[in-house]
Every structure is written in C-alpha cells, then in structure tokens.
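S.K.: Here's my sequence, what's the structure:
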Amino acid sequence: MRIRFALPLLAWLVLPAGRAAAAPSFVDRDLVLRHGDVALDFGLGMAHVPPPVSGPSNGFGLNLELAFGLARGVELGLRTGFRLDNLGQATRADSYGRLFETETYDEGGGRTANPELYALWSVARGGHAELGVKLAAFLPLDGSPFGMMVAMPIALHGGSLRLDTGIYVPVLFTHPHVTTLISIPAHLWIQVTSRFWLGPLFGMRVVTSNGGGNVTYPLGFGLGSMLNSGVDLRGWILFPDIDRDRATRTFGVGVSLQFRFE
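M.R.: Sure, this is the predicted structure:
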C-alpha cells in the first residue's frame, strides 16, 4: 500500500511535467510570485561548531515557509523554524534551512524561531533588472525583542547569469540599546542547464549598537535543480562571517524542497 502511493509521488517529483518546458529557469524568475501562485518551502539546516566543544558539534533545525502572490507584483510570506536539539537551538540551525535567504534576523533563542511576516512589492522592472521593496516584521516569542526590516532587493539578469543584491536595513529593538544593521548581499547565479544552477554568495553587513559597530562578511555557495516545473531541490554551505578567526568560525549546510502551485 505504501509503495502504491510512494511511486506516483516520486514520479511527480522527478519526471518533467507537461508544462515544464514553459517554466522559467531560475535566473529568469521574478522577484515576486505571480498573482494567485503559492510557494511552500521545507528546509533542513545543520550548524557546525568548531572544537573544542563539550558534547555534539552539530546542531539541527527545520525551516517552514509559505508565500502567496496576493496581487500583481505583490507577495506576502510567513516563515518560522524549529530547533531539533540543544545545539540547534543555541546556533539557530533552522536559519541554514532558509535557502537561499542570507538576510535572516531576530530569529529568537527558543525552540521555535520568531515568525517573520513580510510583504514584497515589485516596483520597477526592465528588460534585465527588477527592483523591489520589502517590509518585514519579526514577531517576538519567549520575551525576544521586536524587530523589523526595510529592504530594496534588486535582481539583475541576462543570458545565463543572475545577480541578486540590494540594501537591507534590519532594526532590532534590543534592550537597552537598539541594534541597526545595513546589509548588502551579492548572490551570483549561473544557469548551467535549463534545470540546474549554482553560484557563490557574498555579502557585507555593518552592525551598529550603543555607538559601536563591526563589519561581518557572509560567504557561501549554493546550487539547485528544478526537479519539475513546480519543485526545486536546493542545497548550500554558508559561513556567517568568513572574516572571523578560524578557531571560532561556525558554518552551516542546508537542503530544502520548494513546491510552487500555480
């Protein structure tokens, strides 16, 4: 009985759908979902802590996301996560299951990540560029501080290349001082085939709190495969700050499935 249901599901995941040829490749996709489309993301993240540590050096977490094309050029989304063990909670390992989202903030320190509610508008679009405006709120759990973010994501694409960049400004109302960040990601994607893409992920973040500040440099590498026109399989490795001393440098890996319903 289980095999009877498993085989059709496996075939739907890996075999081309009838409209697959018309589905856009990753580098040609819009910043926002089309009106009426729905996307579901399920991700597994693993965070690695360098030795010496007392106990396990790897922690695990799950990420769940739901996005909906509310109107033409407008997308609404909600994401949260679950930490599966103590180290996953301490390292917020669920964030490594948010592929390819490096702009993750104020997740909270509990077993359940602070939900993030966002709205994304596509405000301008040309032949090879798209500009959006994103507003996000980080809803506190377990006494975590409230946070919000204003961003201007930009997608530049031409041929087999795509660059996802922009300016992201999260504000975290931590006590007793407000923490402000300015982040500029740069994700360069190469469409190797119509169904497979990969590329490096760079970034720079300036963190300011109580009159002081520091700069961090995220670095990673991602790849993905469109299993059919409505399913992506994605993976990555991410160092939150490659400039950090190697003895204390953490990193994470993640894998996710995205389902899109049109």
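
S.K.: right, and Leu64 touches Phe42 too?
M.R.: Yes - at 6.4 Å, Leu64 counts as touching Phe42 under the criterion of CB atoms under 8 Å. To be clear about C-beta, it is placed using only N, CA and C from the backbone, and glycine gets the same treatment.

S.K.: The two - which one has more neighbours?
M.R.: Set Leu64 next to Phe42 and count neighbours by other CB atoms under 10 Å: Leu64 wins out with 18 against 14.

S.K.: A strand includes the more buried one, no?
M.R.: Yes - Leu64 forms part of a strand when assessed by DSSP: H, G, I helix; E, B strand; the rest coil.

S.K.: Just give the number of residues close to Ala247.
M.R.: 8.

S.K.: Quick check, it in contact with Val49.
M.R.: No - Ala247 lies out of contact with Val49 (CB under 8 Å); the separation is 11.2 Å.

S.K.: Flag the shaky bits of the stretch 1-150 of the chain, pLDDT-wise.
M.R.: By pLDDT under 70, the weakly predicted segments of the stretch 1-150 of the chain are 1-22, 53-55.

S.K.: Tell me where the chain has strands.
M.R.: Counting by DSSP state E, one finds strands in the chain at the ranges 38-48, 58-71, 74-83, 116-125, 129-138, 147-158, 161-172, 179-191, 196-209, 212-216, 219-228, 231-239, 251-261.

S.K.: buried sites along the fifth one?
M.R.: For strand 129-138, a neighbour-count test (16 or more other CB atoms under 10 Å) marks Glu130, Leu131, Gly132, Lys134, Ala136, Ala137, Phe138 as buried.

S.K.: Go through these and name the one nearest Leu163.
M.R.: Glu130 (11.2 Å; CB to CB).

S.K.: Can you tell me the centre-most residue of the protein?
M.R.: For the chain, the residue sitting closest to the mean C-alpha position, by CA atoms, centre = their mean, is Glu101 at 2.0 Å.

S.K.: Quick check: that one vs Leu223, distance?
M.R.: Using CB to CB, to the nearest Å, we find Glu101 at a distance of 15 Å from Leu223.

S.K.: likewise Gly211?
M.R.: Per CB to CB, Gly211 is found 41 Å from Leu223.

S.K.: Neighbour count: these two, which is higher?
M.R.: Remark: of Gly211 and Leu223, Leu223 carries more neighbours, 18 against 6, as counted by other CB under 10 Å.

S.K.: got the contact list for the more buried one?
M.R.: Phe196, Trp197, Leu198, Gly199, Arg234, Gly235, Trp236 (CB atoms under 8 Å, 6 or more residues apart in numbering).

S.K.: Next, the contact list for Pro140, please.
M.R.: Here Pro140 is in contact with Asp106, Gly108, Asn114, Phe146, Gly147 (CB under 8 Å, 6+ apart).

S.K.: Closest one of those to Asp243?
M.R.: Asp106 (22.2 Å).

S.K.: wait, isn't the closest one in contact with Ser144?
M.R.: Yes - look at Asp106 against Ser144 with CB under 8 Å: they come within range, at 6.9 Å.
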